[in-house]
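K.L.:
One predicted model, sequence on top.
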Amino acid sequence: MTTESVFTGLKVLDASSFIAGPAAATVLSDFGADVIKIEPPGAGDPQRRLSSVPPSPQAAANYSWHLANRNKRGMVLDLKTPAAVEVLKRLVEWADVVITNFPHGTREKLHLGYEEVSGWNPRVVYADLTGFGDTGPDARQPGFDLTAFWSRSGLLASTRDAGAPPTVPVWGSGDYTTAIAIYAAITTALYHRERTGQGADVGTSLLATGVWATGTLVAGALADGTPFELHDRKAPANPLINPYRTADDEWFMLVASPPHWPGLTRALGRPELLEDPRFAGIEGVIENAAALSELLDAEFRARPFAHWKDALGRERVTYSLIQTPEEAAQDPQLRANDIVVPLEGVSGLTETISSPVNLRGVPKVPAKRAPDLGEHNDEILAELGFGPAEIAELRARGAVPGTTGTEGPQ
């Protein structure tokens, strides 16, 4: 039974790889879009191998592939061969949306530049992704989320404690963030097309979304603001916004503001702190940050997390347990809100993560496995109007593989 959703009938050509472009196409597929993913012959999209590359968690199932490519149809097409041009042209003519992240220069050589694509289909929404933007001295520099999103934007330099060197952040996090930006650009362009009948050329960069994520600090720098030093947990800029450890070695993040201070003193069982002149108003809290941080450390360390969950919750003081990814995966809140959803068709993997875009009352398409390499070649070529003899010729000329199915890692 097919689930009707917002983008049922929308046709998407996913000519991108690893990770943001394909993930944006997946969000469209969550709402019913028919997505055809094209991959090069041989090993295909490098994301097929991401789950097996350290420091990705080791598992039997190829979880990262299914996360970013579920509900798609898969096709192998060698864009470097002249014979592939006619196939690509028909795919573009079929599509409402084309997504690519080939570098400038390379995309034009592969007949995926905007001018050629829009010439084939003037109504197409062409969405592209770069590491560092379309212009400027580094426009053609290759970029991953760890470099363009995290490192270049100022985000990585700011997410560490004083005295600590930069570390390796959660790989892929910048890509999945950027995927939502690409999705937003595509849906904006589709609305534009609905109103004007015209296609559009849209896109973003890992650098742009990284700077957006670091927006408060970068905007502060644009205002010539004086930055605080890197965070020191024992002498923080604001001890009311700080991680603390409990008696049973759980960590939680406290995020309180001056209006929370009376409730926090009650939760601590220390109402007399309201009369302590050192902590009168935010100015006093900041001036005596080290002393208050030491006091809070001692109080929170004296009792288990269950106690603080009850005490802080009762006083409506904002906090959260700092969970590992393994703990987050088992958090019942995720399933209650369809953040983790069932996945069909993958041995050893029964669930995956839904996209964060939701329309209340509008169902998403149930998640089904990502395609095997070249799985739908014959089906798609037939839909595009190629007959058996033409398909045989395409194979003979190297545009598509001689066989379809399970080439490479799954």
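P.N.:
Thanks, I have the structure now. Keep in mind it's a predicted model, so treat the numbers as computed, not measured.

K.L.:
Okay, now the unreliable bits of the stretch 1-150 of the chain?
P.N.:
Low-confidence segments of the stretch 1-150 of the chain (pLDDT under 70): 1-2.

K.L.:
quick one: contacts for R278?
P.N.:
Neighbouring residues of R278 by C-beta atoms under 8 Å, 6 or more residues apart in numbering: G284, E287, N288, A291, L292. In this view, the C-beta of every residue, glycine as well, is placed from N, C-alpha and C.

K.L.:
ok, the third one to E275 distance?
P.N.:
Between N288 and E275 the distance is 14 Å, computed by C-beta to C-beta, to the nearest Å.

K.L.:
Let me know the outermost residue of the protein.
P.N.:
Residue farthest from the centre of the chain, counting by C-alpha atoms, centre = their mean, is E275 at 46.6 Å.

K.L.:
OK, contacts around that one?
P.N.:
Going by C-beta under 8 Å, 6+ apart, the list of residues near E275 is empty.

K.L.:
roughly how far apart are it and K37?
P.N.:
65 Å.

K.L.:
now the most centrally placed residue in the chain: how far from G220?
P.N.:
Nearest residue to the geometric centre of the chain (C-alpha atoms, centre = their mean): Y176, 0.9 Å. Distance from Y176 to G220, counting by C-beta to C-beta: 26 Å.

K.L.:
Please apply the same query to H104.
P.N.:
32 Å.

K.L.:
What segments of this protein are strands?
P.N.:
Secondary structure of the chain (DSSP state E): strands at 11-15, 34-39, 72-76, 97-100, 125-130, 200-205, 241-245, 251-255, 319-321, 340-344, 351-353, 367-368.

K.L.:
Find the nearest non-adjacent residue to A382, please.
P.N.:
Nearest residue to A382 in three dimensions, chain neighbours excluded: I391, at 7.8 Å (C-beta to C-beta, 6 or more residues apart in numbering).

K.L.:
biggest helix in the chain by residues?
P.N.:
Longest helix of the chain, by residue count under DSSP state H: helix 173-196.

K.L.:
what are the ranges of the helices in the stretch 101-250 of the chain?
P.N.:
For the stretch 101-250 of the chain, the helices defined by DSSP state H, counting those that start in this stretch occupy 106-109, 114-120, 155-158, 173-196, 206-213, 215-222.

K.L.:
how about the CA coordinates for the third one, as PDB?
P.N.:
Taking Å, rounded to 0.1, in the frame of the first residue of the first chain, the C-alpha atoms of helix 155-158 are listed here in PDB:
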ATOM      1  CA  LEU A 155      32.600  26.300  15.500                       C
ATOM      2  CA  LEU A 156      35.300  23.700  16.200                       C
ATOM      3  CA  ALA A 157      37.600  26.300  17.900                       C
ATOM      4  CA  SER A 158      34.800  27.300  20.200                       C
END
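
K.L.:
Can you mark which positions in that helix are buried?
P.N.:
Residues of helix 155-158 classed as buried by neighbour count (16 or more other C-beta atoms under 10 Å): L155, L156, S158.

K.L.:
Could you dump the residues you listed into a markdown table and include distance to G225 and pLDDT?
P.N.:
What follows is the buried residues of helix 155-158, written out as a markdown table (distance: C-beta to C-beta, whole Å; pLDDT from 0 to 100):
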| residue | distance to G225 | pLDDT |
| --- | --- | --- |
| L155 | 17 | 96 |
| L156 | 20 | 96 |
| S158 | 13 | 95 |
